[in-house]
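Participant: No sequence on hand, only this structure:
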């Protein structure tokens, strides 16, 4: 938002780009489209992302006279769907979708600006991780107007319905100020809207406050609203909600300069969507029911709508063929989206049909590899795994006289069951069991489920997860003064959330497993640094910005820098904004430094006492500053745990993975990287093995 208005204030024309692909081949095509479309544009981005745009050779200024903004329709390739919109456009209020979506920019943000309304902006990831928070934000901020796509409304409704009564009451929801949740971006399921309305009205919202709508980026978001949604559609038993009535007895035609004028720098696309007498053809197919309500029944243009985002079938197929998949016969690939038969589906899914080289449709490792590569290409393109990737012989993929595959006809054939015999898993299981495809119920590996990351989150139960943190990060927090204070605080917090369950052995309870990661019993031994400020360099190593060798060299090179200038000197070594993009600021790092110094001070006087009945330690070679060998670290520094484990023997210290009361487990990485993604698999195997040996 800041960048958008800064560009406007500077006299520029903002063109909002959707997130670029991480795949080099796809990225190259996207950048080429950006460069050609805007004739070498000025790019405003973060320092960290600036490297992506370096292939754009010339960065010239494009002269624009009357354009207020260029809207890049979400999900589409950048060479076909940019719109030039006049200055008089207006429209929106509380948003969490990104500005590359017309509903966020036009329906919410500009609408609120025009109306002088307050705006609450929430990062989308907050709602993705916890969909129920959507309702809390609506209530706490007395929201009157917002937009949400169908798939998210479904997720948020499901999340609150799965909460227990106590947690619902604790949210103290009040939707009495709510007027409209505009639901669009994709087909709206009547059942989804009805379930959402039940939640809304239970907490004070007026009936029909969640409204199905229909619109496009070309119309600056919605221009059809169902004022009776979802009641009207429930009564008529519509699976998908209608979009409302048109203006009674009138036709409205916008002909002034504020309308969508053209697709920017693309006369061919502009001509293709305009009728000879100047009407804009949306490409959607609709009918009016007997009450005059618009029902969208299909699309004449071949567009995929996935989780509220639009993607071109042609460009998905192009991306697949650009992947150079050896088992794929090029020019024989077709894609389209369908609603799954599952009544709980919240968005359309992708189907990809292809012809294997030499018509090799038999189930072989080579064919499975081809299917896997097609899946990967699709995920790179639209961040969603296809529901089906089906190999077909050429005779099942008829082309027209000009060599085109009819996606519409292929879609009808799929839905009629004509391709069932070619679905690999179904075909094999049908042959083995004698069942029909429709009768199969598969228990399959999670990795093979046809769901994307959003779909995966929907299957995770909303169980509470608690963590302990060091005190002092937040405003008005003071660090712990002693280890005893820290432990008492932690134990009180744990008991507050889990009043029942096992207690510590000192309280007479049995603890089945007790373990630690790569620390000696006597913490004073690791207080070896003269300058604790070098913790910052350890932090950079943890974030994998420095390897260990470079980290040690930096300590030596920066040894003479005064403490008060040390943090700024570290940041000066990252002029490209890398630290800022990791949300590391000078004040935040200095807070970490202060807390780390406090923790070091309160452990200097710590003397380990007492024993436990068992202990597992997961260790890696020592850090260089300890100036000891692997052997000394393992059999001297870490061996002192023997004095604090009841019944521990010297053989437990001498032997790796012993069966005694004290057990040592070698894992991978350094002290700072044991739990990094590249080492976590080794650690989890060691941990699971240790738990198994302890009978847990």
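Facilitator: Yes, it's here. Note that the coordinates shown come from a computational prediction; the quantities given were computed from them, not determined experimentally.

Participant: burial count for residue 474?
Facilitator: By other C-beta atoms under 10 Å, the residues close to residue 474 number 8. Any C-beta I mention is one placed from the backbone N, CA and C, and that applies to glycine too.

Participant: quick one: which helix or strand includes it?
Facilitator: Element membership for residue 474 (DSSP states H and E) is empty, with no helix or strand holding it.

Participant: Could you check how far it is from residue 607?
Facilitator: Going from residue 474 to residue 607 by C-beta to C-beta, to the nearest Å gives 31 Å.

Participant: Check residue 277 too.
Facilitator: In this view, residue 277 and residue 607 are 90 Å apart by C-beta to C-beta.

Participant: now do residue 631
Facilitator: Counting by C-beta to C-beta, the separation of residue 631 from residue 607 is 26 Å.

Participant: For the strand or helix carrying residue 368, buried residues please.
Facilitator: Here residue 368 sits within helix 365-382, counting by DSSP H and E. Residues 367, 370, 371, 373, 374, 375, 377, 378, 379, 380, 381, 382 are the ones in helix 365-382 that count as buried (16 or more other C-beta atoms under 10 Å).

Participant: right, and the second one touches residue 356 too?
Facilitator: What that stands for is residue 370. Yes. A contact is recorded between residue 370 and residue 356 when judged using C-beta atoms under 8 Å, the distance being 6.2 Å.

Participant: joint contacts of those two?
Facilitator: Contact with both residue 370 and residue 356 is made by residues 327, 328, 391, according to C-beta atoms under 8 Å, 6 or more residues apart in numbering.

Participant: Which residues does the second one form beta bridges with?
Facilitator: Using DSSP bridges, the beta-bridge partners of residue 328 come out as residue 356.

Participant: In contact with it, which residues are there?
Facilitator: Residues counted as contacts of residue 328 (C-beta under 8 Å, 6+ apart) are 320, 321, 354, 355, 356, 357, 370, 373, 374.

Participant: Distance to residue 496 and pLDDT added to those, as CSV?
Facilitator: As requested, these are arranged in CSV below (distance: C-beta to C-beta, whole Å; pLDDT from 0 to 100):
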residue, distance to residue 496, pLDDT
320, 53, 90
321, 58, 84
354, 57, 94
355, 62, 93
356, 60, 92
357, 63, 91
370, 55, 92
373, 51, 91
374, 51, 92
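
Participant: Stretch 558-567: which residues count as buried?
Facilitator: Applying 16+ other C-beta under 10 Å to stretch 558-567 flags 558, 566, 567 as buried.

Participant: list the contacts for the first one?
Facilitator: If a contact means C-beta under 8 Å, 6+ apart, then residue 558 has 566, 569, 570 as its contacts.

Participant: and which of these is nearest residue 172?
Facilitator: Using C-beta to C-beta, residue 570 is the member of the contacts of residue 558 that lies nearest residue 172, at 44.3 Å.

Participant: Show the model's pLDDT score for the closest one.
Facilitator: Note for residue 570: predicted pLDDT of 87.

Participant: what about it, helix or strand, and which?
Facilitator: Counting by DSSP H and E, residue 570 is part of helix 563-572.

Participant: contact partners of that helix?
Facilitator: Counting by C-beta under 8 Å, 6+ apart, the neighbours of helix 563-572 from elsewhere in the structure are 531, 533, 536, 537, 540, 558, 561, 579, 586, 589, 590, 593.

Participant: Measure how far that helix is from the centre of its chain, please.
Facilitator: The chain centre lies 34 Å from the centre of helix 563-572; the measure is C-alpha atoms, centre = their mean, to the nearest Å.

Participant: Now the element after that helix, going C-ward?
Facilitator: Assignment by DSSP H and E places the next element after helix 563-572 at helix 578-581.

Participant: list the buried ones in that following helix?
Facilitator: By neighbour count on 16+ other C-beta under 10 Å, the buried set for helix 578-581 is 578, 579.

Participant: Which secondary structure elements does the very next helix or strand once past it sit against?
Facilitator: On the C-terminal side of helix 578-581, the closest following helix or strand by DSSP H and E is helix 586-603. Under the contact criterion of 3 or more C-beta pairs under 8 Å, 6 or more residues apart in numbering; DSSP states H and E, the helices and strands touching helix 586-603 comprise helix 483-497, helix 535-542, helix 563-572.

Participant: Could I get the ones you listed in TSV, plus columns for distance to residue 202?
Facilitator: As requested, the helices and strands packed on helix 586-603 are arranged in TSV below (distance: least, C-beta to C-beta, whole Å):
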stretch	distance to residue 202
helix 483-497	28
helix 535-542	46
helix 563-572	50
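
Participant: Report the contact partners of residue 611.
Facilitator: The neighbours of residue 611, taking C-beta under 8 Å, 6+ apart as the test, are 643, 644, 645, 646.

Participant: got a winner among these for most neighbours?
Facilitator: The residue in the contacts of residue 611 with the most neighbours, by other C-beta under 10 Å, is residue 645 (22 neighbours).
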